[in-house]
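Enquirer: Provided below for reference: sequence and predicted model.
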Amino acid sequence: MSRKNILYAQSGGVTPVINASAAAVIEAARARPDEVGRVLAGRNGILGVLQEELIDTAELSSQDLVAMTQTPGGVFGSCRYKLKGLEENRREYERLIEVFRAHDIDIFLYNGGNDSADTALKVSQMSREMGVAVQCIAVPKTIDNDLEGTDNSPGFGSVAKYVAVSTLEASLDVKSMASTSTKVFVLEVMGRHAGWIAAAAGLAQRQPSDPPHVILFPEVAFDEARFLAAVEQAVEQHGYCTVVVSEGLHTADGKLLSDSGSTDAFGHAQLGGVAPVIAGLVKDRLGYKNHWAVSDYLQRSARHIASQTDLDHARAVGKAAVELALDGHSGVLAGIQREADEPYRWTVRPVPLEQVANHEKKIPAEFLRADGYGITEACRTYLAPLIRGEAYPDYGADGLPGFLSREFATLARRLANFTA
Ligand code: F6P
């Protein structure tokens with residue numbers, strides 16, 4: 001039986017654990033030496049595939065893979081690049097297939113979110129159309145947790161943990177200072193138009209009087225007067241108020257409170273910067289001294305406080321993607337399926353990409369408290385297992401984590417340069 005070659009690529013926004021999925025792919029392939037030949041990786045995701053910039057992962061030792069598992073960011077590089085529809089840009093798909101052919105690729109593993117599931121689907125359709133038997137499997141990832149077909153998306157659990165812990169810690173600070181200084185702390189979190197990360201801050205609230213006192217979700221239209229009343233009430237009741245705000249917060253007419261004005265290759269508005277807007281309102285209208293913070297890339301790269309559950313998920317989907325491909329699957333996502341909340345049990349199963357591509361999973365109404373400023377018990381039950389356990393990286397004598405940092409050589413090109 002001839003051995004299959006794998007091409008792996010990372011896509012979109014990276015996560016604290018995406019490299020754990022990559023390492024698991026490589027390890028799973030090495031565990032089946034009779035069935036898998038080479039594992040290549042695209043430099044900067046699909047762009048590296050189009051430009052034939054391919055890395056041979058054979059150069060990674062097993063110690064490198066351990067370090068890689070502990071390293072945030074995307075070690076091979078990622079990209080935001082949307083392949084157009086098959087009719088609009090057939091040339092790009094043909095190029096991908098040419099690169100697959102030139103390097104004898106049998107299996108394409110695409111590690112990304114909903115846009116990437118769409119790309120994986122199109123590539124699998126195209127390869128079928130062109131009579132090339134390339135199996136495409138999507139490996140889930142996105143800190144936004146808005147991916148359909150999977151109970152949760154690897155990367156989310158670690159960001160959720162970072163946000164819940166940071167909310168708890170910063171709230172202790174503001175509580176200490178509130179009698180003579182800061183009364184309100186505003187923390188901005190990512191998540192685009194889904195409030196999963198903001199919801200995770202709610203895990204910090206073990207008692208009704210605990211912070212965060214107000215969570216502003218993108219699923220709940222912003223009402224300035226009602227928000228200011230909630231902040232005032234919290235300060236009167238508890239002496240201080242912690243507000244967590246999602247970058248995707250908007251008013252009833254759909255106007256985002258933060259929008260940098262620029263868009264990415266997928267046409268998504270670049271969000272960020274809502275915290276100072278909210279903090280300004282609190283200062284101007286209520287006169288409360290406040291501090292604000294934008295978690296931004298700190299949350300997306302917070303490998304130092306990664307969730308063990310999340311790391312387990314990230315590794316499992318990487319391993320399962322290889323196994324699904326070797327079992328003959330194609331056009332599927334390696335999705336996490338929850339079997340029980342408590343104790344938490346889950347498996348990984350194949351989900352057709354048609355059910356995943358281009359959908360956006362928002363927070364369901366039953367997860368939002370009646371006033372829209374907090375989470376329900378049902379939401380807590382869903383979120384709680386995802387932040388459990390601490391997967392610390394190894395620290396060196398210099399007090400810093402021993403992250404993998406290296407430049408990868410790319411293989412000699414076999415094709416002419418590509419221009420779209
Ligand atoms: O999709 C993940 C995400 O982190 C979003 O939460 C955020 O809005 C976006 O990526 C930021 O993307 P970029 O790093 O390309 O600006």
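Expert: Nice, thanks for sending it over. Residues are numbered from 1 along each chain as shown.
Enquirer: using CSV, write out every CA atom in the helix or strand hosting residue 99.
Expert: Counting by DSSP states H and E, the element that carries residue 99 is helix 90-102. C-alpha atoms of helix 90-102 as CSV (Å, rounded to 0.1, in the frame of the first residue of the first chain):
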residue,chain,number,x,y,z
ARG,A,90,-10.9,28.9,-10.6
ARG,A,91,-7.3,29.7,-11.1
GLU,A,92,-6.5,29.7,-7.4
TYR,A,93,-8.1,26.3,-6.9
GLU,A,94,-6.3,24.9,-9.9
ARG,A,95,-3.1,26.2,-8.5
LEU,A,96,-3.8,24.5,-5.1
ILE,A,97,-4.4,21.2,-6.9
GLU,A,98,-1.2,21.7,-9.0
VAL,A,99,0.8,22.2,-5.8
PHE,A,100,-0.9,19.1,-4.3
ARG,A,101,0.0,17.1,-7.4
ALA,A,102,3.6,18.4,-7.5
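Enquirer: same question for it: list its buried residues.
Expert: Neighbour-count burial for helix 90-102, counted by 16 or more other CB atoms under 10 Å, picks out 92, 93, 95, 96, 97, 98, 99, 100. (Each C-beta comes from the backbone N, C-alpha and C, glycine too.)
Enquirer: correct me, but the second one touches residue 124?
Expert: No. In this structure, residue 93 is not within contact of residue 124 by CB atoms under 8 Å, at 10.6 Å.
Enquirer: quick check: residue 244 is in a helix.
Expert: No. According to DSSP: H, G, I helix; E, B strand; the rest coil, residue 244 belongs to no helix; its state is strand.
Enquirer: just give the number of residues close to residue 419.
Expert: Neighbour count of residue 419, defined by other CB atoms under 10 Å: 8.
Enquirer: distance of it from residue 105?
Expert: Note on residue 419: its distance to residue 105, by CB to CB, to the nearest Å, is 22 Å.
Enquirer: circling back: what's the closest of the buried residues of helix 90-102 to residue 252?
Expert: residue 92 (39.6 Å; CB to CB).
Enquirer: quick one: contacts for the closest one?
Expert: Residues near residue 92 by CB atoms under 8 Å, 6 or more residues apart in numbering: 50, 83, 84, 420.
Enquirer: if we use 6 Å, what do you get?
Expert: 83, 420 (CB atoms under 6 Å, 6 or more residues apart in numbering).
Enquirer: quick one: the lowest-mean-pLDDT helix or strand in the chain near the ligand?
Expert: Here the helix or strand of the chain ranked lowest by mean pLDDT, DSSP states H and E is helix 114-129, holding a mean of 87. No. Using CB under 6 Å from any ligand atom, helix 114-129 never reaches the ligand; the gap is at least 9.0 Å.
Enquirer: quick one: the helix or strand following that helix to chain centroid distance?
Expert: On the C-terminal side of helix 114-129, the nearest following helix or strand under DSSP H and E is strand 135-140. How far strand 135-140 lies from its chain's middle: 16 Å, per CA atoms, centre = their mean, to the nearest Å.
Enquirer: can you check stretch 294-304 too?
Expert: 11 Å.
Enquirer: over to stretch 328-347?
Expert: 17 Å.
Enquirer: what is the burial count for the nearest residue to residue 329 once chain neighbours are set aside?
Expert: Closest residue in space to residue 329, ignoring its immediate chain neighbours: residue 350 at 5.1 Å, by CB to CB, 6 or more residues apart in numbering. Per other CB under 10 Å, the neighbour tally for residue 350 reads 19.
Enquirer: any idea of the angle the one helix or strand residue 324 maps to forms with strand 135-140?
Expert: Using DSSP H and E, residue 324 sits in helix 308-326. Orientation of helix 308-326 against strand 135-140 (axes from the mean of the first three to the mean of the last three CA atoms, to 10 degrees) gives an angle of 170 degrees.
Enquirer: export helix 308-326 as CSV, just CAs?
Expert: Once non-C-alpha atoms are left out, helix 308-326 reads as follows in CSV (Å, rounded to 0.1, in the frame of the first residue of the first chain):
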residue,chain,number,x,y,z
GLN,A,308,-6.0,21.8,30.3
THR,A,309,-9.4,20.8,28.8
ASP,A,310,-8.8,23.1,25.9
LEU,A,311,-5.3,21.8,25.3
ASP,A,312,-6.7,18.2,25.4
HIS,A,313,-9.3,19.3,22.8
ALA,A,314,-6.7,20.9,20.6
ARG,A,315,-4.6,17.8,20.6
ALA,A,316,-7.5,15.4,20.1
VAL,A,317,-8.9,17.2,17.0
GLY,A,318,-5.4,17.2,15.4
LYS,A,319,-5.0,13.5,16.0
ALA,A,320,-8.5,12.7,14.9
ALA,A,321,-8.1,14.6,11.7
VAL,A,322,-5.2,12.3,10.7
GLU,A,323,-7.2,9.2,11.7
LEU,A,324,-10.3,10.3,9.9
ALA,A,325,-8.4,10.9,6.8
LEU,A,326,-6.7,7.5,7.1
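Enquirer: packing partners of it?
Expert: helix 18-30, strand 135-140, helix 156-177, strand 332-341, strand 344-352 (3 or more CB pairs under 6 Å, 6 or more residues apart in numbering; DSSP states H and E).
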